[in-house]
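# can't give you the sequence, but here's the structure:
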Ligand code: ADP
Ligand code: ZN
């Protein structure tokens, strides 16, 4: 998707109608999909902007939480959209964190074989990661994100003001994913995080993450190669999440995974030790627990069952060659274990 369809701006929630008209000039009706927390905070601002512009608005409110990212919620949503008689000219607006974005995106991907969706992420994690790139879907009892589709949003509207109401742990969760971007992008991101994300820096930080991810996704939408870079820290991260029975949130698990890879890279004489120490300083500054309390070997056993396994038993693994220089490597489980436990 084009960069000019991503708007990062304080107060953009009051101007939704303007951007909607740009990407869907014939739209007369919008379904806003949100969760109960975000509904109370921001839905009125968006629906007022739309109604003032003569757009018909209906809102579907789901219960907040990943446990509701399931087929029942999907079914309720798609029934709601059908009852609202949305046409192929109309638009769904996903207002909320990653859970809302994934589900609403999938509803848009599947209703009438696909209608437009505008993502309005309201968590830091969704702003810098899940709202970009068009991955949509929901969980099955058998595993996370097992049902899904690629469906690019027509626009992404990021209102940084909405992040002010985020609970501390949700902000930390986003920062956790942010540490990954620091290693992917390079020193300027480390400096930003060390300085602190007050006002101007938050805009700079989010913009750099978004630009980086957009660039990659635009070159490799379906994750056949380059996009795998965004999985830095995720091989181990996913295993940590699972092992903790999902009590460790995703972003934090990614930080743990990323720092474990960074540590290995330092041990093999690749990454400069200072970059690793800077990352630890950042974790301490934001109160992010980067330590791993599980046995790496048992985590790796867990990885063996991960979906990224190649047919021959090798896995794709993102390694840090240097700050701002990551590479995708194909390794056997044994090689990975050796590398991470040296
Ligand atoms: P993620 O983006 O981490 O996947 P979720 O969609 O599960 O997260 O959202 C995390 C929690 O934060 C949910 O309880 C959601 O209702 C709440 N939330 C989302 N955005 C905001 C916000 N801007 N202010 C306060 N709470 C929010
Ligand atoms: Zn992630």
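The structure has been received and is ready for your questions. Just so you know, these numbers come straight off a predicted model, no measurement behind them. Ligands and ions are numbered 1, 2, ... in the order given.

# could you list the contact residues of this protein toward ligand 1?
When proximity is defined by CB under 6 Å from any ligand atom, the chain lies next to ligand 1 at 35, 37-38, 41, 64, 66, 96-100, 122-123, 125-126, 162-163, 165-166, 170, 173. In short, each C-beta sits where N, CA and C put it, glycine included.

# which residue packs closest to the residue nearest the centre of the chain, ignoring adjacent ones?
Residue closest to the average C-alpha location in the chain (CA atoms, centre = their mean): residue 130, at 2.3 Å. Nearest non-adjacent residue to residue 130, counting by CB to CB, 6 or more residues apart in numbering: residue 98, 3.9 Å away.

# show me what contacts the one you found?
Residues counted as contacts of residue 98 (CB atoms under 8 Å, 6 or more residues apart in numbering) are 121, 123, 125-126, 129-131.

# out of the residues of the chain next to ligand 1, which end up buried?
35, 37-38, 64, 66, 96-100, 122-123, 125-126, 162-163, 166, 170, 173 (16 or more other CB atoms under 10 Å).

# the residues you listed in strands, which ones?
35, 96 (DSSP state E).

# just the ones of the buried ones among the residues of the chain next to ligand 1 in helices?
Counting by DSSP state H, these place 37-38, 98-100, 125, 170, 173 in helices.

# now the strands for the stretch 151-300 of the chain?
With DSSP state E, counting those that start in this stretch as the criterion, the stretch 151-300 of the chain has strands at 155-158.

# looking at it, which residue is nearest ligand 1?
Closest to ligand 1 within the stretch 151-300 of the chain is residue 165: 3.6 Å, counting by CB to the nearest ligand atom.

# correct me if wrong: that residue contacts residue 97.
No. Residue 165 sits out of contact with residue 97 when judged by CB atoms under 8 Å, with a separation of 12.0 Å.

# gap between residue 89 and residue 33?
Counting by CB to CB, to the nearest Å, the separation of residue 89 from residue 33 is 18 Å.

# between these two, who's got more neighbours?
Per other CB atoms under 10 Å, whichever of residue 89 and residue 33 has more neighbours is residue 33, with 26 against 13.
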